[in-house]
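# quick one, structure for this:
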Amino acid sequence: MNRRRLIAALATGSTAALAGCGYAYGGGDVRRTAFAGGTSVFMAGWSAHATTDDRLVFAESGDSPFEGERTAVDVVDRDAEVRWSFRHGERSVGMAPGPSAERVYLRELGGVAAVAPGDGTEDTGGTGDGGETDDADGTDDSGRMDGMESGPSPQPDAPEWRASLADVTAEPVDGDGSDEGDPEPDGPETGKPIAADARGAYVAVDAEVVAIREGGVAWTVDPSESVGPSEPVEALWGGGSDGPDGVVAAAGDGVVALAPDGSVRWRYGAETRPTLTVDGDLVLCRDGDAVVALSRPNGEEAWRTEVGGGGFPPRVTGDRVAVANRGQVRVLDRSSGEPLWRISEIPPRDRYRSLVVDGSRVYYVDRDGEAVAVDADGRVWTRELELSGGAVVDGWIDDEAVGFAFDSGEFVWLQRHDEDPGLL
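Next comes the predicted model:
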């Protein structure tokens, strides 16, 4: 039994003893902690994360003293179980999961690679490498940090396919022996836009969107209507499991939705440079002082709500939309945009991505590692978390708990509301 499993067992035993005496969780109490995936092997380089359905994808690329140049991909569910893992033998600068993360696309310098469960990385419904899970507290010992204890994988896994972008970009192909265009060795690498749907991947190359299908370039489209030089494509969003296939692209002050064949479904011209969230069949766009909900299939405006300028992209939890700016959070109804309530207790330094909303509260983790619940009257509870560090990459409602996952691979679940006192 390793040290972490021993500590987890002792902590779980204490919790079980309390539960046997009628212990009832209070708001903010830690229900469970676990470890899975994360970005902690490569000390420098590029890393990314994404959520699709109820699965999180952690990707990290760099030069490991154990493995050399690699990209590590871990697909984890929200119960902190590793579904599958992959060790790609090249460096990457972008990542996008397909629906349910059954395939993950890696943007390389000069190309795209598709990786998926295969020999030794099957989707087993549990830990991806045969590691055991502590059923008592959900702690998973198959993460890459623990995997180092028994030695790294000596050989990279083989991707399903790799597609070259040599005909559409001047980027050097990774591994061609040239240092031109390589990321700065002393700084973090900058990710390049990439998205995916059920049909394949989409990458941004300057002002164009390039579709990749089964190892080759299917089409290249400039989504701009400008007669002059086109704005570079800054971001891409894929189809997801509950939205139409295709890709949404943001370039300058415009938003363009492309069908899987490259045809333009619709365009939206914003008053200011928009920030977006694509959620199923809706595109939620911060445009000036408003949040605008556009139909993903046809671009029709579903609703528009004034919320004030500035701030980050909207955050969606179920049927609620949280909009943060200038220390305030406005909570809207997803279907109508109707303002439901407002909170003025969110600090400007908060990591916006951690905002989780239920019917009456907002939950978040601040930069000091404190988990906080706030309602319209102010703070309800605060809990200082024992973390090794890292930013929140996902947050969700899990029955009576609120869950957070961190890019370090740590997961924590906290009680949302006080339970009725048990009998002692």
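
# switch to C-alpha atoms for all contacts and neighbour counts from now on
Fine.

# what's the end-to-end length of stretch 87-107?
End-to-end span of stretch 87-107 (CA to CA, to the nearest Å): 14 Å.

# from the chain's centroid, how far away is that stretch?
Counting by CA atoms, centre = their mean, to the nearest Å, stretch 87-107 is centred 13 Å from the centre of its parent chain.

# what do you get for stretch 388-401?
On CA atoms, centre = their mean, the centre of stretch 388-401 falls 12 Å from the chain's centre.

# which parts of that stretch are buried?
For stretch 388-401, the neighbour count (16 or more other CA atoms under 10 Å) marks G390, A391, V392, V393, D394, G395, W396, I397, A401 as buried.

# same question for stretch 204-222.
For stretch 204-222, by 16+ other CA under 10 Å, it's 204-205, 207-213, 215, 217, 220-222.

# before we move on, back to that, looking at the buried residues of stretch 388-401, which are in strands?
V392, V393, D394, G395, W396, I397, A401 (DSSP state E).

# could you dump those residues to CSV with pLDDT and distance to L414?
Shown next, in CSV, are these (pLDDT from 0 to 100; distance: CA to CA, whole Å):
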residue, pLDDT, distance to L414
V392, 91, 14
V393, 92, 16
D394, 93, 14
G395, 94, 11
W396, 95, 11
I397, 95, 10
A401, 96, 5
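
# which one of those residues is nearest to E234?
If you rank these by distance to E234 using CA to CA, V393 comes first, at 20.8 Å.

# quick check: closest non-adjacent residue to that closest one.
Leaving aside its chain neighbours, V393 sits nearest to F406 (5.3 Å; criterion: CA to CA, 6 or more residues apart in numbering).

# can you check S241 too?
Using CA to CA, 6+ apart, the nearest residue to S241 is P99, at 5.2 Å.

# isn't there a helix covering S100?
Yes - counting by DSSP: H, G, I helix; E, B strand; the rest coil, S100 is part of a helix.

# I'd like to know how far it sits from E306.
Between S100 and E306 the computed distance is 34 Å (CA to CA).

# now T277
T277 is 17 Å from E306, by CA to CA.

# compare those two (neighbour count), which wins?
T277 (17 against 14; other CA atoms under 10 Å).

# give the partner strands of whichever strand or helix holds that one in its sheet and their orientations.
Counting by DSSP states H and E, the element that carries T277 is strand 275-279. The pairing partners recorded for strand 275-279 under DSSP bridges are strand 282-287 (antiparallel).

# what residues does the partner strand touch?
The contact list for strand 282-287, computed with CA atoms under 8 Å, 6 or more residues apart in numbering, reads 270-278, 291-296, 312-314.

# after it comes which helix or strand?
Toward the C-terminus from strand 282-287 - assigned by DSSP H and E - lies strand 290-295.

# which parts of the following helix or strand past that following strand are buried?
Where DSSP H and E defines the elements, the next helix or strand beyond strand 290-295 is strand 301-306. Judged by neighbour count using 16+ other CA under 10 Å, the buried positions of strand 301-306 are W303, R304, T305.

# want to try JSON lines for those residues, with pLDDT as columns?
Listed next are the buried residues of strand 301-306 as JSON lines, based on pLDDT from 0 to 100:
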{"residue": "W303", "pLDDT": "97"}
{"residue": "R304", "pLDDT": "96"}
{"residue": "T305", "pLDDT": "95"}
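
# on that earlier part again, which of the contacts of strand 282-287 are buried?
Buried, going by 16+ other CA under 10 Å: 270, 273-278, 291-296, 312-314, out of these.

# ok, those residues vs S241, which is closest?
Nearest to S241 among the buried ones among the contacts of strand 282-287, with distances taken as CA to CA, is V278, at 11.9 Å.

# now the helices for the protein?
With DSSP state H as the definition, the chain shows helices at residue ranges 3-20, 144-147.

# correct me if wrong: L258 contacts P244.
No - L258 is beyond contact range of P244, at 10.3 Å (criterion: CA atoms under 8 Å).

# which one of those two is surrounded by more residues?
L258 (20 against 17).

# which pLDDT value goes with that one?
Looking at L258, its pLDDT is 96.

# one more: R5?
Looking at R5, its pLDDT is 34.

# same check, this time on F312
pLDDT at F312 comes out at 79.

# same check on G191?
81.

# which residues touch it?
W46, V93, G94.

# 6 Å - rerun?
Taking CA atoms under 6 Å, 6 or more residues apart in numbering, we find G191 in contact with V93, G94.

# equivalent analysis for S230, please.
A207.

# D53 too?
Applying CA under 6 Å, 6+ apart, the residues contacting D53 are S100.

# residues touching L332, list them.
R320, V321, E338, P339, L340.

# surely A201 is in contact with V210?
No - A201 is beyond contact range of V210, at 8.3 Å (criterion: CA atoms under 6 Å).

# that older thread, for V115, state which of the contacts of L332 is nearest.
V321 (32.9 Å).

# now the buried residues of stretch 204-222 in CSV, with distance to S64 and pLDDT?
Output for the buried residues of stretch 204-222, formatted as CSV (distance: CA to CA, whole Å; pLDDT from 0 to 100):
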residue, distance to S64, pLDDT
A204, 28, 95
V205, 28, 93
A207, 34, 92
E208, 33, 94
V209, 32, 96
V210, 31, 97
A211, 31, 97
I212, 29, 97
R213, 31, 96
G215, 28, 94
V217, 31, 96
T220, 35, 95
V221, 37, 94
D222, 38, 92
